[in-house]
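Peer 1: here are the coordinates; sequence isn't available:
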């Protein structure tokens, strides 16, 4: 894409009335909860899909993971924008029938329950595809729909542990540590989104839907990429290296500075290494045979660190950042989250935006990172209260009468608020 004469923009710069989005003719049934499924359906909603979040009378489990307003916890808000919520009791046949009616007019069905749970509820792929053969059905689970571990429960820390990631994370002489972020829940949702978009494109060619089987462990194994490549080629296992780079000698890592903060520097090629040595006033390192080339620096990592660590204590983090960046050496501060969200680049890129969430006023939320000359996503709907759109979905999509809706609500088959 050419960027020279066309302004890149986020959707905040475009009237939603005029906006044409890539998935605005796609309807998604969202039968997911927690993170891996909801982040997938959120992205589909960003790109224009009408996402119908089907919740139990208690609502998505994520609504209760942190303090919030009327079921809008910070955790839930983070992965549930651009959706409408309907509460249906799926244990009742009348509730199942409502979902079947939604299936008839939908394009995508996403679930992230343990394998077998959807079949027991009456929403397995065979049943759903018999109602709508064009539907793209996506299952996201810890270990996939087949294999010896398929029935095992799994959350992100379990997948991190089994992927090898935890064994590689942390300081060399200390125990391994988990990555704080639920990386494989998120990556699983991202891969599911890519697969769904590809399946919709294929459907345009074949006229048929398909069943997508996304395993978080499969995703985690795939993300090992070059680490796995090195092992498969040489038999060498990755080791924990803390803030340093496992395959490049310092300085390609983090250093503690005078004000107790850390700075990240990447200066392993010859050009950056030479500039680095002059900035820290250690030109003698350039002629020291232990450190004059990347190969030899790799052989003497600890000796080099012993020299560099006291040097970095002489200036503050921000002083070092300015010195290195002025010299063209890749460098950045190790931020806390509040610093990240207040960074001028993040602000300029509009990664945090406001959206009205009446009656509680404006919410600040993270948004889709894609920028384009013609907008491909929009922030149209705030994260929904549980059952907020129950009546409008039943009336406008399923064409039920007011009397039918009242009957369903009186029997507690559906609800317009969380009731358990």
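Peer 2: Cool, the structure landed. Not measured: the values here are computed from a predicted model.
Peer 1: okay but residue 389 is in contact with residue 55, surely?
Peer 2: No: contact criterion CB atoms under 8 Å: residue 389 and residue 55 do not qualify, at 10.6 Å. C-beta: built from backbone N, CA, C; applies to glycine.
Peer 1: Mind checking which of those two has more residues around it?
Peer 2: Neighbours per residue, other CB atoms under 10 Å: of residue 389 and residue 55, the larger number sits with residue 55, 25 against 20.
Peer 1: Now do the same contact list for that one.
Peer 2: Contact analysis of residue 55 by CB atoms under 8 Å, 6 or more residues apart in numbering lists 33, 85-88, 386-387, 418.
Peer 1: hmm, back to that, overlap in contacts of residue 389 and residue 55?
Peer 2: The contact lists of residue 389 and residue 55 share 85-86, where a contact means CB under 8 Å, 6+ apart.
Peer 1: Only the buried residues of the host helix or strand of residue 201, if you could.
Peer 2: Using DSSP states H and E, residue 201 maps to helix 183-206. Across helix 183-206, burial judged by 16 or more other CB atoms under 10 Å covers 183-189, 191-193, 195-197, 199-200, 203.
Peer 1: so what does the helix or strand bottoming out on mean pLDDT in the chain touch, helix or strand wise?
Peer 2: Least confident helix or strand of the chain, by mean pLDDT, DSSP states H and E, is strand 68-69 with a mean of 75. In terms of contacts (3 or more CB pairs under 8 Å, 6 or more residues apart in numbering; DSSP states H and E), strand 68-69 is packed against helix 74-78.
Peer 1: Next, name the residue at the spatial heart of this structure.
Peer 2: By CA atoms, centre = their mean, the chain has its centre lying nearest to residue 186, at 3.4 Å.
Peer 1: Per-residue pLDDT of that residue, please?
Peer 2: Here the pLDDT value assigned to residue 186 is 97.
Peer 1: From residue 100, how far off is it?
Peer 2: The gap separating residue 186 from residue 100 is 31 Å, by CB to CB, to the nearest Å.
Peer 1: same check, this time on residue 33
Peer 2: Computed as CB to CB, the residue 33 to residue 100 distance reads 20 Å.
Peer 1: Neighbour count: the two, which is higher?
Peer 2: residue 33 (21 against 16).
Peer 1: wait, what's in contact with that one?
Peer 2: Contact analysis of residue 33 by CB under 8 Å, 6+ apart lists 55, 60-62, 112.
Peer 1: for the stretch 101-250 of the chain, what spans make up the helices?
Peer 2: Assigned by DSSP state H, counting those that start in this stretch, the stretch 101-250 of the chain shows helices spanning 117-121, 125-131, 156-163, 165-168, 183-206, 216-222, 225-234.
Peer 1: Any chance you could list what contacts the fifth one?
Peer 2: Right, the one you point to is helix 183-206. Contact with helix 183-206 is made by 26, 34-40, 43-44, 79, 107-108, 110, 134, 136, 138, 140, 155-156, 159-160, 163, 165, 209-210, 212, 214, 216, 219-220, 222-223, as judged by CB under 8 Å, 6+ apart.
Peer 1: In PyMOL, how would I select just the buried ones from those?
Peer 2: Here is the PyMOL selection string for the buried members of the contacts of helix 183-206, based on 16+ other CB under 10 Å:
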select buried, resi 26+34+35+36+37+38+39+40+43+44+79+107+108+110+136+138+140+156+159+160+163+165+209+210+212+214+216+219+220+223
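Peer 1: Strands along the stretch 201-350 of the chain, start to end?
Peer 2: Counting by DSSP state E, counting those that start in this stretch, residue ranges of the strands within the stretch 201-350 of the chain are 210-215, 252-256, 262-266, 331-333.
Peer 1: These: lowest mean pLDDT?
Peer 2: Averaging pLDDT over each of the strands of the stretch 201-350 of the chain puts strand 252-256 lowest, since it has a mean of 83.
Peer 1: Mind listing the strands that strand pairs with, and their directions?
Peer 2: Applying DSSP bridges to the sheet, strand 252-256 is found paired with strand 262-266 (antiparallel).
Peer 1: ok, residue 317 touching residue 256?
Peer 2: No: taking contacts as CB under 8 Å, residue 317 lies outside contact range of residue 256: 9.0 Å.
Peer 1: Overlap of the contact sets of these two?
Peer 2: In terms of CB under 8 Å, 6+ apart, residue 317 and residue 256 are both contacted by the residues residue 262.
Peer 1: The two: which is more packed in?
Peer 2: Each of residue 317 and residue 256 has its neighbours counted (other CB under 10 Å); residue 317 has more, 22 against 15.
Peer 1: quick one, what contacts that one?
Peer 2: 257-259, 261-263, 333-334.
Peer 1: just residue 125 next, same as before
Peer 2: Shown in contact with residue 125 (CB under 8 Å, 6+ apart): 118, 137, 139, 211.
Peer 1: go on, residue 30?
Peer 2: 37-38, 41, 51-54, 83, 110.
Peer 1: Recalculate using a threshold of 10 Å.
Peer 2: Applying CB atoms under 10 Å, 6 or more residues apart in numbering, we find residue 30 in contact with 37-38, 40-42, 44-45, 49, 51-55, 60, 80, 83-86, 108-112.
Peer 1: measure it to residue 307 for me?
Peer 2: The gap separating residue 30 from residue 307 is 55 Å, by CB to CB.
Peer 1: Same check on residue 315?
Peer 2: Separation of residue 315 from residue 307 (CB to CB): 16 Å.
Peer 1: Of all the strands of the stretch 201-350 of the chain, which one comes closest to residue 380?
Peer 2: Of all those, it is strand 210-215 that lies closest to residue 380, at 25.4 Å by CB to CB.
Peer 1: Quick check: neighbours of that closest one in the sheet, parallel or antiparallel?
Peer 2: According to DSSP bridges, strand 210-215 forms sheet pairs with strand 136-141 (parallel).
Peer 1: Hey, what's the angle from the strand it pairs with to helix 183-206? Just curious.
Peer 2: Between strand 136-141 and helix 183-206, the angle comes out at 160 degrees (axes from the mean of the first three to the mean of the last three CA atoms, to 10 degrees).
Peer 1: Just the pLDDT for the nearest residue to residue 116 once chain neighbours are set aside.
Peer 2: Closest residue to residue 116 apart from its sequence neighbours, by CB to CB, 6 or more residues apart in numbering: residue 151 at 7.2 Å. Looking at residue 151, its pLDDT reads 93.
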